[in-house]
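J.: build me a structure from this.
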Amino acid sequence: MGIELHIEELVLHGFEAKDRHRIAGEVERELARLVGDGQGLRGNIAIERLNGGEFRVPAGAKPQAAGKQIAQSVYRSLRQQAGRRP
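T.: Now for the predicted structure:
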């Protein structure tokens, strides 16, 4: 089973512009790990827009920690959406 996930735009507020590549890299790695497990994501799912919700990153946390939390939040939302499809 192959899974293709395309994120056209990831909008984040409150982060330094210089950290965007490190955050994006960790989002990609963590989503690949979570989606690779395949738990909760079966069949064809097409979602036009997904709100990943809110999360909190402790002050002084590394950009990679933020990326990991973002990916986990997005994955939770993906699983919820997958459960609602007809």
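J.: now do the contacts for the residue positioned nearest the centre of the chain.
T.: Centroid-nearest residue in the chain, with C-alpha atoms, centre = their mean: Ala71, separated by 2.9 Å. Listed by C-beta atoms under 8 Å, 6 or more residues apart in numbering, the contact partners of Ala71 are 26-31, 34. Quick note: C-beta positions are derived from backbone N, CA and C, even for glycine.
J.: buried ones from these, can you make that a PyMOL selection?
T.: Those of these that count as buried under 16 or more other C-beta atoms under 10 Å are selected in PyMOL with:
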select buried, resi 26+27+30+31+34
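J.: all strands for this protein, in order.
T.: Shown for the chain, no strands are assigned by DSSP state E.
J.: state which helix of it is the longest.
T.: Identified as the longest helix of the chain according to DSSP state H is helix 63-84.
J.: what about the nearest residue to Arg76 once chain neighbours are set aside, neighbour count?
T.: Distance criterion C-beta to C-beta, 6 or more residues apart in numbering; nearest residue to Arg76, sequence neighbours excluded, is Gly53 at 7.2 Å. Close neighbours of Gly53, defined as other C-beta atoms under 10 Å, add up to 11.
J.: thought Gly53 was touching Gln72?
T.: No - Gly53 is not in contact with Gln72 according to C-beta atoms under 8 Å; the separation is 10.1 Å.
J.: ok, back up a step: now the residue nearest to the centre of the chain, nearest residue through space, not along the chain?
T.: Glu30 (3.5 Å).
J.: model confidence for the one you found, exactly?
T.: Listed pLDDT for Glu30 reads 93.
J.: can you tell me how far it is from Asp37?
T.: Plainly put, Glu30 is 11 Å away from Asp37 if you go by C-beta to C-beta, to the nearest Å.
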